[in-house]
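Q: pasting a predicted model and its sequence here:
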Amino acid sequence: MAVDEQLKIEMGKQGVFVTTLQELYNWGRRSSIWPMNFGLACCAIEMIATTMARYDLARFGAEVFRPSPRQADMMIISGTVTKKMAPQVVRLYNQMAEPRYVIAMGACAISGGPFKQGYNVLKGIDRYIPVDVHIPGCPPRPEALLEAFMTLQKKIDAQPLTGEARPRHLDEQAPGEFPVPEQGAHDLEPPANKSVWTVPVVIR
Amino acid sequence: MLGEGILKGLAETAKNFAGSYVSKERLTTVQYPEERAEHIEASRVFPFLVYDGPDAFAGMRCVSCQICEKECPPKCIYIEKSKDKKPDYVGKPQNYPVRFDIDISVCMSCQICVEVCPFDAIKMDSVFEMATDNRFGGLLLDREKLLKSNEYYHSIHPTEATEVDGRLAEEKAKVEAKAKAAAEAAAAKAAAEAAAPKTAAPAAAPAAKPDAPKPTGGAE
Amino acid sequence: MTLSAAEFGARQHAGGKALPEGRMVIDPESGGDLLEVSMGPHHPSTHGVFRMDVALDGERIVRLKPVFGYLHRNHEKLGEEHSYLASMPYTDRLDYICSLTNNWAYALAVEKLVGQEVPERAEYLRLIVGELTRMQNHILSVGFLIQDMGASGTPLMYGFREREKILDLFEALTGSRMMCNYMRFGGCRVDATPEWLDGVRKVVAGMPAFADEFERLLCTNEILMARTQGVGVLRPELAVSAGVTGPALRASGVNYDIRKVDRYGIYDRFDFKVPLGEHGDVYDRFMIRLLELRQSIRILEQALKDVPGGPVMDPKAKIRNFRPKPGEAYGRIEAPKGELGFYLISDGTGNPYRYRVRPPSFVNLTVLEDMCLGYSVADVVLILGSIDIVLGEVDR
Amino acid sequence: MKTVEEIKAAIEAAVPSASVEIVQNPAPSAQHSLLLKAETAVAVAKFLRDDAELALDFLSNVTGVDWPDKEITEKVKVTKMVTKTVEGTEQQVEETVEETRKRVEPGYLEVVYHLYSMTKKHGPVVFRMRTGNRADDVKLPSMTPVWRSAEYQEREVFDLYGVEFVGHPDLRRILMWEGFKDHPMRRDYVEPDDFEYEPTAHDEVLKRAQAHQAAAAAAAEGQKGAAQ
Amino acid sequence: MVEKADQIFVLLLHWILNYLPAAWRHPVSVLLCVAVIVAVYPALFALAVLMERKGLGRMQNRYGPNRVGPFGILQPVADGIKSLTKEDIVPRNADALVHFIAPLVLVVAVFMGFAVMPMGRNMVLVNLDASLLFFFAMGASTELSIFMAGWSSRNKYSLLGAMRAVAQMISYEVPLLLSTVGVVMITGSLSLVDIVDAQNRYSWGLAHWNVFKPWGLAGFVMFVIASMAETNRSPFDLPEGESEIIGGYFTEYSGFKFALFFLGEYVGMFGIAGLGTTLFLGGWSAPLAVLSWIPSWIWFFAKVELWICFFIWVRGTLPRLRQDQLMNFAWKFLLPLTLVNLLVAAEWRFVEGVWIRWIVGMVIVVGTYVLMGRVGMRREKLGPRSYRYAE
Amino acid sequence: MAFNPYFSLAVLFVVALCFGLTPLALAWLWSRVFSPQKPNAIKNAIYECGLESKGDAWVQFRSSYYLYAIIFLIFDVEAVFLLPFAVAFLGLGAAACVSMLVFVLLLVEGLVWAWAKGVLTWA
């Protein structure tokens, strides 16, 4: 839209305004991250423990666990994503409203973890959706989840509102849809989403 | 009467609400980044490699026997054995790992590597703050990141570390005594050296891991 | 649309009519549209990634098909690919709320397979951690049940408050909060210090007060009674036929507790009773858990009086290069959720030839549809919660 | 409780056509089992459940086991007629030779059931059934009509091993998705190959990972070349 | 001085209006009052949300939000900014227009209710003769909005939620309305201003609040219960029923539309709390004559907040009812009780003698309550149980 | 100068509507300028626990819902009749009250009838 572009340029000129707006925006979404009520496996119990009295995720304003993806900001992939579950996870991620964040909690969510040799276990959810923060551990302690949460907040703080470095959801060109894999006769098809998953070569 | 149970329940929550302002028992939150729960000695998260003395490389206890690599249930350890040798803590030349990688994005913190290590070289760390947005770089720990000093080990697991130290010192003393004896009796020298690695086996089983009959090094 | 004749027949045959008296399912052919809803895999109260395909008439359940496998992590396959020892940490992740009883069942099966003895002190430690596990499981399952009922977390929070105390004990003994990996074939991995035992005594001493608080908060609450009494009735014949075990079975009035039947470990030394329900409804299952919690306290009080000294590991036991002779064994214990069994076939190599887990949650789910038919959506989540499943164990 | 031999005798008395074999278990657990024929299994099972003395009303566990075809190499003494030249004349002589033979022992799928009694509080009684082979003759009678608890466990055996239970009310895949073709717990199952990123691989996995890495490196190289 | 503090807003308004030409005065005055209503209640909403989150926390042995701003007080602001900048999703198959209108209908309806609410002495926007009826009319249209939301989303959970909501709200509308009839009977007016004035009298230093009378006490309790159901608060939060039907009618709402629902629900809560306060707790009047120096509007808002606190307390304690139980409770328990309460109100007028009418009234209402409770529990076979043990 | 009280109500209506519309407009503006909306087929599909939604949600519901509505109507009308009586109650004699009681009792009878007929049994 031409008008929008002009508006953006106009706003770019008024740098201060954008900066304040950016700060306000980042502060707002950083301080009010509502997780999706979404537990997969072992780590879910630690995720629940994090919201409970001892650790109290609520102190950060993040105890509003929304059951519907429409109202949630953050998806905590807490546990093993199996190949049977992966399409559902990807679909749920797709159905969340932007901006949305993903925390891969625990070894299984990052890489398949101890179960990665299994035939039905997805070797990391980042094969299909972009993950913001990874927490290793099996399961990570509740404090580790809190730390990851703060890491995510820092990450949000550093995101500019305009310009090249702006996050995915502010970029009109960046894809908003992440295709849901099909369940084939032997495996998921495709086995990974090439636009989010590029593997570094391991030198051996 | 109808509603009695509800009133009882309301009284219970009210008690907790009021109690949260006066009693620690009713306000159990530990405010994490500023406050921390008391460190539990046995607590384990990811493995690390212990080295003695000031130099990480020279004091490295690992002799790359690869037992942990083999026994690790999720296969998250990768070891590359050196071609050359360096002296270990008793002074005997041993191989060392050129490469020692642990993929903590896979590690299940089961402690089996620690249990099977005959050299007390790998131990469990208690650092859990490893969250990262770098999937490939941040979660693969290499030898440099894994090596931590014996002092650090003492600081996190004092009881266990003292036992390990005692055991190692005993072993070292034995080797030294044998070496001394060997120097005195040149004839016994060769025999003493051959027996040196075997001495690891009969070390008294400590309380920390009394079960494992110590394997006599290498894969059996 | 409705139950197929074969399904119905199977039910009839297996000693249970599809519906107890007084409940009826409207014939969906006769009018009114059915709403086909999928509850799960992402649903706040399916305790993970369980799914139920539900057909609703208004809000009433006409058909309910459980769909499993969303957490099928190939546990058994991995068990066959790993050595006997390496499977131990995997058992932690079966029923991830009660890792220590899983350890125990697996260790027991392997000990049966090779005829391994366990030192007395280790038996005591196993019993202590096992009963602590049972306590925290029951606390949690009751908490989740009330959570499903729509309480905004309060009972669950109180439950977790106590659970954290028990988890601290686990961590101090085994090094990990949840995934303890504590037992070995022929004993336990580490010994408990006297301070630890004192810690247990302290926690156990505080437990009755918590149980009282919980009971005041919930047991006579009219809303809770209205929601749970007479809901999800499981009749004893069906329960036995369907292999239901654990508190769910005893709530139906069947006296079957493997701690009493098999007398494994050292349970025969302690004096405890098995609470039995009468109605077999959700309230009974809920109460049986609370009563078992009190019995666990009783067992622990007795066990903690005199823990004998000695080693915690049979010195003859082997850890690495453990190769049982060919043969097979089925070992089972009374896990908090029911009968947890391990069936192992050894072919003489270092890996089991067949490694089978008999998960209580999975088998207990057999009766889910029978219990739910004719009730409303709101009851389904309660009935599911009262069976107390953990998906790690259901799907393995 | 009765011993396996006594149970066998009792079964054969009650169900005359049933021929029950005893499978010995050499392990210290000494849980010997009964091998049932598929044709009479349901009748035997009903007897086990309803017999007043046994009263095995609780089917605890259903297990599938895969025993693949075994190639057995054995030395056999063979006697055959050989034409030999003995003392200048050709004669048919009987001769015993040792020969190495390869023989394929056909595999089978096995289902093991563990029974207990809740009323009598005894057990376990183990019985098993075997299929004809692993490919097409994989039908076994379902125990679901006798014990409901077999319902999901048999579905699981069907899903993971491919044993078809005749008489099961609802035999569908349970753990894997509909449309999945393999039976993953069989010992010859080939896992999907998705080992792209394995920084700590060994053995089998290492080989697969290396193959992937080589392909990826080549592709990256090719792209670079194309870009230049 | 006391009077000035009491009337500070009224004086302020007059002071401003003095600077305006006469023709403008009325519209501007209305506009200002409306602006105050539309500003104050959302602010109160923010406060209530924070109170709820912190209060629930305290009940559950934890702190609750305490990091965003000092003591977490900026938490609602952050939530607002977040909601404002969140993507708005409209399902493909949804009825887009109705989907869009539904939250607006809710917000408008709940705000309209405040038009007739006396928030302090001389502080009411419109003093309608039938303001009570007006309030109920407005309150009823929230049902419409919830049904619109659930139906238009074309989501199965939403639909279930909407169906539940409509059934629940119409069922509780009746006891809610009937529990107020006693007040109208004794006051003889449908105007909320008159009802407060009638309660603003003192005998022996104690106010004549309706709640201090048997019919008022019973009416009050029933009003509280019905108001919880009307505002979908726990234990009557079935239309949302997170653990059963995900989010109920607002499952498919995201961004600020969802925030509007959230807001509408809370503001509706204030409305009903304000009405209850006005009817039973003497509105803006002080409970004791000696406390009359505290400005009237402080009393009003304090009572409303207290009411909200009670809602939070109940929410922190009780599980949810089931739909049929909810309906049974409304029709088979509350409704007969409200009718009995009318008798008590009539008795209050016709029986002479303070103590006698007190006792007779209490006997009727408490007796019916206990009897019906007992019969109901027995019929449903509910009650504590004892258990047997096997050795 | 007497003003129509409904003028105030109209103002409140408009302002409340604006109160709802303004943030929605702001949110729309925000999405236009900074954060583009990216609708797509998966995102805009109906949410159903992570699965593709099968069947339509707009089905015919059972009649029990409507029966409640009818009873509600009866009692709401009753309340409408009751309120004028209630307002005038203080000025009425016992006879008027008794006749009102009869009216209420008639309705109660209706309630009891519906109750006995099982209309009030939620299915």
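A: On my side now, so go ahead.
Q: part of a strand, is D:Glu110?
A: Yes - under DSSP: H, G, I helix; E, B strand; the rest coil, D:Glu110 sits within a strand.
Q: domain parsing for chain D?
A: D:4-67+D:109-166, D:70-104, D:191-228 (automatic domain parsing).
Q: wait, what's in contact with residue 165?
A: No chain specified, so I'll use chain A. A:Gln159 (CB atoms under 8 Å, 6 or more residues apart in numbering or on different chains). To be clear about C-beta, it is placed using only N, CA and C from the backbone, and glycine gets the same treatment.
Q: the chain in question should be chain C.
A: Under the criterion of CB under 8 Å, 6+ apart, the contact list for C:Lys165 reads C:203, C:206.
Q: now swap in the one 10 residues further on and tell me
A: C:Gly175 is in contact with B:42-44, B:111, B:124, counting by CB under 8 Å, 6+ apart.
Q: could you dump the domains of chain D into TSV and include mean pLDDT and distance to chain A?
A: Formatted as TSV, the domains of chain D follow (pLDDT from 0 to 100; distance: least, CB to the nearest CB, whole Å):
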stretch	mean pLDDT	distance to chain A
domain D:4-67+D:109-166	88	10
domain D:70-104	76	24
domain D:191-228	77	4
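Q: out of the ones you listed, which is closest to E:Arg388?
A: domain D:4-67+D:109-166 (17.5 Å; CB to CB).
Q: pretty sure B:Leu141 is touching B:Ser105, no?
A: No - using CB atoms under 8 Å, B:Leu141 makes no contact with B:Ser105, being 10.0 Å away.
Q: neighbour count for the two, which is higher?
A: A direct count of neighbours by other CB atoms under 10 Å in any protein chain shown for B:Leu141 and B:Ser105 places B:Ser105 higher, at 33 against 24.
Q: doesn't that one lie inside a helix?
A: No - counting by three-state DSSP, B:Ser105 falls outside a helix, being coil.
Q: I figured it hits A:Pro136, correct?
A: Yes - with contact taken as CB under 8 Å, B:Ser105 and A:Pro136 are classed as touching, separated by 5.4 Å.
Q: which residues are common contacts for the two?
A: With CB under 8 Å, 6+ apart, B:Ser105 and A:Pro136 have common neighbours A:107, A:110, B:139.
Q: now, which of those sits nearest chain F?
A: If you rank the shared contacts of B:Ser105 and A:Pro136 by distance to chain F using CB to the nearest CB, A:Ile110 comes first, at 20.5 Å.
Q: look up how far chain C lies from that closest one.
A: In this view, A:Ile110 and chain C are 15 Å apart by CB to the nearest CB, to the nearest Å.
Q: also D:Glu110?
A: D:Glu110 sits 9 Å away from chain C, going by CB to the nearest CB.
Q: contacting residues around that residue?
A: Contacts of D:Glu110 by CB under 8 Å, 6+ apart are D:64-67, D:128-131.
Q: try 10 Å
A: C:345, C:354, D:23, D:35, D:63-67, D:128-131, D:140, D:157, D:161, D:163 (CB atoms under 10 Å, 6 or more residues apart in numbering or on different chains).
Q: rewinding a little: looking at the domains of chain D, which is buried most?
A: Highest mean neighbour count of those: domain D:4-67+D:109-166, a mean of 20 (counted as mean count of other CB atoms under 10 Å in any protein chain shown).
Q: for the longest helix seen in chain F, buried residues please.
A: In chain F, taking DSSP state H as the definition, the longest helix is helix F:5-33. Residues F:5, F:8-9, F:11-13, F:15-16, F:19-20, F:23-24, F:27, F:30-31, F:33 are the ones in helix F:5-33 that count as buried (16 or more other CB atoms under 10 Å in any protein chain shown).
Q: thinking E:Asp79 is in contact with A:Arg30, fair?
A: No - counting by CB atoms under 10 Å, A:Arg30 is not a contact partner of E:Asp79; they are 11.8 Å apart.
Q: so for these two, which residue has more residues nearby?
A: Counting neighbours by other CB under 10 Å for E:Asp79 and for A:Arg30 shows that E:Asp79 has the greater number, 24 against 21.
Q: could you work out the end-to-end span of stretch A:100-114 for me?
A: End-to-end distance of stretch A:100-114: 28 Å, with CA to CA, to the nearest Å as the criterion.
Q: before we move on, what about stretch C:80-91?
A: 13 Å.
Q: so for that stretch, mean pLDDT?
A: Across stretch C:80-91, pLDDT averages out at 89.
Q: now chain D against chain B: closest residue?
A: Closest point on chain D to chain B, by CB to the nearest CB, is D:Thr200, at 3.8 Å.
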